[in-house]
Structures are given as structure tokens and as C-alpha cells.
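**Q** got a sequence here, can you model it:
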Amino acid sequence: MSLDRISESALKRLVALQQKKRRREEGRFLVEGRRLVEEALGSPHRVEELVVEEGRETEFEAVLERARAAGVRLASAAAPKLARLADTVTPQGVVAVLAAREWTVSDVVGPGRAIAVLDGVSDPGNVGAILRSVWAFGLGGAILLPGTAERANPKTLRSSMGGGLHLPIVEDVSVSGAVQALRGASYHLVASSPRGGEPVGRAEWPARSAFLIGSEAAGLGAELDRAADRRVSIEQEPGTESLNAAVAAGILFHQHRIRVFRPVG
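**A** Below is the predicted model:
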């Protein structure tokens, strides 16, 4: 498949999307690699353009055909130019440009499924891993409160393994606004605590639960912590360090799933 080369001016516009500020201003972001590009083509976000490394068109033929059928603009770029769009050390040969689907809090809480609320989880790898677990264990979406890594951060996207593309995720919501929306939708607010909460293995989960996940360093902010209806903790061996936020979140989501969808006893 023969493709036109991307122009230098067009390339510069896309390179600018490496900056969070520009992503926010334009409502667009980049994804790279076959796996994420394929997920993007089946996601609620609109894929505007796909750029493939020159000489690798045959390798990505199926992806290119799928994109062409969806009306996506196609272009090629020499390897050094494509590397300017990539966030990884070893570029993976294909990059897509997505127009971000904008969600509202109502989109997240409206269906009434369990959701995750991330408060100050600043590491994008952790945020992505939590979103991957949200997706894997059937939660309905996520609210990212101030101080939490951006959903379109390249590391967040890679760590989510596609989950961050498919889920309703809302950002830039104040703590008070989130709590008000959750209360209005009759959610039960469950705070994850390293110590002193109800043992997660014995907890009962309302189907309409909102799991409050804070940063490993600071935990939940005071305002959100006060709003919690209950606190749960994961049982650990005495003297061990608290779990990574993403690991703890995955355990909570799995426990919710087996109780709500596959009741025990």
C-alpha cells in the first residue's frame, strides 16, 4: 500500500501533542503501537489520522485497511520523523491521532455500575494500571480528581492496555462536585485504607459502589476521606509495607466482582 509522506508542517502540529497543554487545548492526543492503535479504532474516540513508518506498510496492512474503511487519513513518515511522535524509546512503527471523546460525570455515574475515583494518584503508570483493572473487572468508569495523572498521558495509555480508551473517564472535577454527583446517584463511597479498615475479605459490596483510591504517599485527601461511607483494608502479613495503589485497587475491584456478579455462599 502506497501512502503519501506526512509534511513537515503537519508533523510539527502532531509533535506538539506531546505536550499536555496542547492536548487539552486541541482535544486530541496520540497513541502508538499496533495494540493501542487497534484498540483506538474500536473505541469511542474518533481516529483522525494514522501515520506508519515508511517501509513497514505491509506489516501494518490490516490496520491500514481498517483505518481506511473508517475514513481515517493515512500517511507515512521516515523512521526518524516517526520517532518524534513516539514516547517510547523504541518506536513501534505506527501512531494514531485521536479526537478525544469528552465524557461528563453523568456518563460515569448514570448507568449505576461500580466506579473508581482517583484522588491525587500522580503516577501515570499507576493510573493506567488502575484503569486496566476497572476495565477488566467490569466497573463502569472512573473519575480523576485534581492531582491525578492525565488520561491521555502516553504512559497512562500504555499501562491501561486499552482500558483508558474504552471507559467513560471524566477529569477536572472538584472533590465537592464529585461527592455531590455520587450522592445524587445513590453511590456508596468505599475508601481504600492501608490499615484499620474493615477487612476486604469480609466486606459486603453494594453494586453501586464508588471506590476511593488515593496516592501511596499521601492517601486520600481530607475532604474525600470525610465523605467516605466506610473504609476497607486488604489483609497483609504483619510488618509488610502497604501495597502499590494499582495492586490494591485491582484486589478491591476483583472482590467487588465476585460478590456482586458471582455471590459466594
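**Q** how about low-confidence regions in this structure?
**A** Low-confidence segments of the chain (pLDDT under 70): 1, 261-265.
**Q** try it again at 90.
**A** 1-2, 86-92, 112, 162, 172, 192-207, 215-219, 233-244, 257-265 (pLDDT under 90).
**Q** strands of that one, residue ranges please.
**A** Remark: strands assigned in the chain by DSSP state E are 28-32, 46-53, 73-77, 94-99, 115-119, 142-144, 169-171, 188-192, 198-199, 209-214, 230-233.
**Q** in stretch 118-130, what counts as buried?
**A** 118-121, 123-130 (16 or more other CB atoms under 10 Å). Bear in mind the C-beta positions are built from the backbone N, C-alpha and C, glycine included.
**Q** go on, stretch 129-147?
**A** 129-135, 137, 139-145.
**Q** straight-line length of it, end to end?
**A** End-to-end distance for stretch 129-147: 17 Å, by CA to CA, to the nearest Å.
**Q** do the same with stretch 83-90
**A** Span of stretch 83-90 from end to end, CA to CA: 8 Å.
**Q** what sits closest to the most centrally placed residue in the chain if chain neighbours are left out?
**A** Closest to where the C-alpha atoms of the chain average out (CA atoms, centre = their mean) is G164, at 3.0 Å. In space, and not counting its chain neighbours, G164 is closest to L131: 4.7 Å by CB to CB, 6 or more residues apart in numbering.
**Q** the one you found contacts L167, doesn't it?
**A** Yes: using CB atoms under 8 Å, L131 is in contact with L167, at 6.3 Å.
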